[in-house]
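Trainee: My questions are about this predicted structure, shown below with the sequence.
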Amino acid sequence: MHKYDGVIEGPKTNDVIQIMRMEHGCEISKSLAWDARSLQLAWLEIQISLRFVWPMSTRFSDSHATSSFVDGTFLKSKYKGVLLAVTALDGNPNLYPVAFAVVDSENDRSWDWFMRQLKVVVADEHSLAFVSDGNASLCKAIENVYPLSQHGICIQHLLNNVLTHYRGKGLAGLIAKASKSYRVIDFQKRFQAVCNISPAIGKYLTDADITKWACCQFPGFRYDIRTTNPAESINSALRTPREYPVIPLLDSIREMLTCWFFERRTRSMKYTKPLTIVIEKKIDMRINKDKTFLVQPVDEYRFLKNLLCGKYDLLKIPCRHAIKAGLTVSRAPSSLTDDMYMTSTWRTAYQETINPIGVPEDSWVVPNDVRNANVVPPESRRGAGRRRKRR
């Protein structure tokens, strides 16, 4: 058996049959040879994984997190399992992976352990917000490990539950508009309409906690993000590596992050405007769209135009009213924008590099409890039929 770049390579099935014939004088079937080969490869994979994964796991601890998306996705290798991931968005905004872990399943113990490892590098504070699909074990872990943070529920998952359990197809659009409302009074009107049409759906949404899915009611900083799409996008980017064993899976993640960090670090260093590329384009579009938009100053702080659209409070990016009012008193839009969208913050997020393990294996400092652990492959049984690659 040999290991190349983290992947175990062994003899082919026919080679196993030949070895058994020449060295042991017995004949075995191809299916038996395949099972024997698979078991040996799995045992070696598990033994090496324990020593390989430990030093690699510390590489992802240097991340910069803001609002985070938490999700788990199934692995498709022989021994299954779940890949847990925390993802944020940078100021551009691009996907910014924060942490990964491979566990047996999405249960209370796994999520609690994962969130406690995350807390080592991402502190608990009021300005931190998590957005998830509402998994019960995850919600419990966030409540226990991050009591100061805010927790939001993905509106798309909530709507799927409504459609599944309440046949609320006609109300999905109204609920979505209510969740997106920028002003409390607009939300109340739309949500009341939902309750009038279907009291059962209204009760379900109320029990789910309105502050978790209605943007204008969210107590923390959600930046107008209503779904777990960033987490789902990470899962999609890892669709092929999720079929690999643990070692190649983690190395694929590391390789992906290495490329992302290099590309974005290079791009941000060459960029000279005060706000990130996407935000600059968004503000320029608003300025050009409202060239004829007029505001009448009352004093240096107040204007006759309505500045209470609510978008500024949730987006943390100046709305067209704020931009026009700011320009009237010679204030640049960048001075009204959250620090998260500043180019300097963008550069800081990628100033470090994601490196491969550059130390020979015999030089790794591995704890004795990890080195001496005797791990065997978990019991597994492949389901009948062709394996599904996608949902």
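Mentor: Nice, thanks for sending it over. Numbering: from 1, shown residues only.
Trainee: residue ranges with poor pLDDT in this protein?
Mentor: Along the chain, segments meeting pLDDT under 70 span 1-12, 37-67, 168, 294-308, 361, 375-391.
Trainee: Domain boundaries for it, per the record?
Mentor: Listed domain ranges for the chain are 2-56, 63-239, 272-348 (source: automatic domain parsing).
Trainee: Out of the ones you listed, which one sits most buried?
Mentor: domain 63-239 (a mean of 18; mean count of other Cβ atoms under 10 Å). In this view, the C-beta of every residue, glycine as well, is placed from N, C-alpha and C.
Trainee: quick one: that domain to chain centroid distance?
Mentor: Computed by Cα atoms, centre = their mean, to the nearest Å, the chain-centroid distance of domain 63-239 equals 10 Å.
Trainee: Among the domains of the chain, single out whichever gets nearest to Pro360.
Mentor: domain 2-56 (11.4 Å; Cβ to Cβ).
Trainee: so who does Arg242 touch?
Mentor: Listed by Cβ atoms under 8 Å, 6 or more residues apart in numbering, the contact set of Arg242 reads 73-77, 83, 235, 249.
Trainee: any idea which of these is the one closest to Ser127?
Mentor: Nearest member of the contacts of Arg242 to Ser127, counting by Cβ to Cβ, is Asn235, at 26.3 Å.
Trainee: Ramachandran angles for Asp71?
Mentor: Asp71 adopts backbone torsions of phi -160, psi 160, taken as degrees, to the nearest 10.
Trainee: beta partners of it?
Mentor: Listed beta-bridge partners, Asp71: Ala85 (assigned using DSSP bridges).
Trainee: Tell me how many other residues crowd Arg265.
Mentor: 17 (other Cβ atoms under 10 Å).
Trainee: wait, Asn368
Mentor: 7.
Trainee: any idea how far it is from Ile357?
Mentor: 20 Å (Cβ to Cβ, to the nearest Å).
Trainee: just checking, Tyr244 touches Leu238?
Mentor: No - proximity of Tyr244 to Leu238 does not meet the contact threshold set by Cβ atoms under 8 Å, at 9.5 Å.
Trainee: Now for those two: what residues contact both?
Mentor: Ser252.
Trainee: Now for Tyr341: which residues touch it?
Mentor: 91, 275-276, 279, 316-317 are the contacts of Tyr341 under Cβ under 8 Å, 6+ apart.
Trainee: So which of those residues is the closest to Gly134?
Mentor: Lys316 (24.6 Å).
Trainee: what's the spacing between the closest one and Lys282?
Mentor: 12 Å.
Trainee: again, but for Gln117
Mentor: For Gln117 relative to Lys282 (Cβ to Cβ), the value is 36 Å.
Trainee: and what of Ile354?
Mentor: 29 Å.
Trainee: Over to Thr266?
Mentor: Counting by Cβ to Cβ - Thr266 and Lys282 are separated by 23 Å.
Trainee: my guess is Val102 is in a strand, correct?
Mentor: Yes - checked against DSSP: H, G, I helix; E, B strand; the rest coil, Val102 lies within a strand.
Trainee: Use 529 as the first number from now on
Mentor: Taking 529 as the first residue, the last one we looked at is Val630.
Trainee: residue contacts, it?
Mentor: Taking Cβ under 8 Å, 6+ apart as the test, what Val630 contacts is 603, 609-612, 774, 777-778.
Trainee: Which two among those residues are spaced furthest apart?
Mentor: Checking the contacts of Val630 with Cβ to Cβ, the most distant pair is Val610 and Leu778, at 14.1 Å.
Trainee: all helices for the stretch 629-778 of the chain, in order.
Mentor: Using DSSP state H, counting those that start in this stretch, the helices of the stretch 629-778 of the chain run over 636-647, 664-673, 683-694, 700-708, 712-725, 727-735, 738-741, 757-765, 774-798.
Trainee: and what of the stretch 779-919 of the chain?
Mentor: 805-817, 839-843, 848-856, 871-877, 896-899.
Trainee: Quick one: these as CSV, columns for distance to Tyr674 too.
Mentor: CSV is the format used below for these (distance: least, Cβ to Cβ, whole Å):
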stretch, distance to Tyr674
helix 805-817, 28
helix 839-843, 22
helix 848-856, 32
helix 871-877, 21
helix 896-899, 27
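Trainee: how about these, which one is nearest Ala664?
Mentor: When the helices of the stretch 779-919 of the chain are compared by Cβ to Cβ, helix 839-843 sits nearest Ala664, at 27.5 Å.
Trainee: Show me what the closest one is in contact with.
Mentor: 710, 743-744, 750-752, 846-847, 849-850, 864.
Trainee: and those, which two are the farthest apart?
Mentor: Arg750 and His849 (20.9 Å).
Trainee: about what we covered before: and the helices of the stretch 779-919 of the chain: which comes nearest Trp639?
Mentor: Short answer: helix 896-899, nearest of the helices of the stretch 779-919 of the chain by Cβ to Cβ, at 22.4 Å.
Trainee: And that closest one, how far out from the chain middle?
Mentor: 31 Å.
Trainee: Convert the C-alpha atoms of it to CSV, please.
Mentor: Provided in CSV are the C-alpha atoms of helix 896-899 (Å, rounded to 0.1, in the frame of the first residue of the first chain):
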residue,chain,number,x,y,z
ASN,A,896,0.0,11.4,22.5
ASP,A,897,-3.7,10.7,22.8
VAL,A,898,-4.0,11.3,19.1
ARG,A,899,-0.9,9.3,18.2
